[in-house]
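# I need the structure of the sequence given here:
(one chain, ligands or ions: 1)
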Amino acid sequence: MGKYVVPPLPYSYDALEPHIDAKTMEIHYTKHHQAYADGLNAALQSINALTHKNYIIGILSDLTTIPENVRSSINFHGGGFENHRLFWESMKPNGGGEPGGRLADEIKIYFGSFKEFKEKFSTGTAAIQGSGWGWLVYNQTFSRIEFRTTENQTSPYTQRAIPLLGLDVWEHAYYLKYQNRRPDYIEAWWNVVNWTEVEERFLRVAT
Ligand code: MN
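Have a look, this model is predicted:
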């Protein structure tokens, strides 16, 4: 691996309007995501591991492969780098609706219905204290999907879970448009979820 580079945004800054405003998208992508990439590169450089043989997902999945003194920094910046990469891909203009196929079946099995899943995800994510993420993950140990939350930039990979869909509820993700109304941001975000991408991600890992 060489230096980590923020991948291109798959749509323009204003593409998710009115649900996510252009200014928030621009700052979030060009400043915040970039800062996680820079922090990750700096942490790896500090241990002469800019050419670490594993991609960041592999490192996060087993933080014991890196020296203890940089684990917390890699967890934060590496998690931030990967979480945001996944976040951009999980959204699209005119998204929303419901997933189909096998993922729809799994949601019914483990949450009762899509409506109940959405409620659990929204309520659980709105209730995060401080900064963090709400997730739909695939738990490889039990071969099932689950709702989870993580603090700050901690990645589900560090908990042996594969992220399928993630929602950033750091204030930088919504404050310009929604101020303290985190539940309103969450409700609006469902309109831009790219379920095609989430379904494909699920099919790649589900056994
Ligand atoms: Mn963010």
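
# In the host helix or strand of Y185, which residues are buried?
Taking DSSP states H and E as the criterion, Y185 maps to helix 182-189. Of all the residues in helix 182-189, those buried under the rule 16 or more other CB atoms under 10 Å are R182, Y185, I186, A188, W189. To be clear about C-beta, it is placed using only N, CA and C from the backbone, and glycine gets the same treatment.

# The last one reaches H19, doesn't it?
The one in question is W189. Yes - counting by CB atoms under 8 Å, W189 touches H19, with 6.4 Å between them.

# re earlier: any chance of the buried residues of helix 182-189 in CSV, plus pLDDT?
Listed next are the buried residues of helix 182-189 as CSV, based on pLDDT from 0 to 100:
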residue, pLDDT
R182, 98
Y185, 98
I186, 98
A188, 98
W189, 98
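
# Turn the residues you listed into JSON lines, including distance to F87.
What follows is the buried residues of helix 182-189, written out as JSON lines (distance: CB to CB, whole Å):
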{"residue": "R182", "distance to F87": "16"}
{"residue": "Y185", "distance to F87": "13"}
{"residue": "I186", "distance to F87": "14"}
{"residue": "A188", "distance to F87": "15"}
{"residue": "W189", "distance to F87": "10"}
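
# between these, which is nearest Y174?
Y185 (3.8 Å; CB to CB).

# could you list every residue that touches the closest one?
Contact analysis of Y185 by CB atoms under 8 Å, 6 or more residues apart in numbering lists V169, A173, Y174, K177, Y178.

# The ion next: which of those are close?
Filtering the contacts of Y185 for proximity to the ion (criterion: CB under 5 Å from the ion) leaves A173.

# which of the contacts of Y185 lies closest to the ion?
A173 (5.0 Å; CB to the ion).

# Give me the contact status of the helix holding Y185 with the ion.
No - counting by CB under 5 Å from the ion, the ion has no neighbours in helix 182-189; the shortest distance is 12.2 Å.

# From R160, how far off is the closest residue in space to G101 that isn't next to it in sequence?
Leaving aside its sequence neighbours, G101 sits nearest to E199 (CB to CB, 6 or more residues apart in numbering; 5.7 Å). Look at E199 and R160: by CB to CB, to the nearest Å, they are 22 Å apart.

# one step back: next one: phi and psi at the residue nearest to G101?
phi -60, psi -40 (degrees, to the nearest 10).

# Secondary structure element holding K118?
Per DSSP H and E: helix 114-126 holds K118.

# With neighbour numbers in mind, choose between E199 and R160.
Comparing E199 with R160 by other CB atoms under 10 Å, the one with more neighbours is E199, at 18 against 12.
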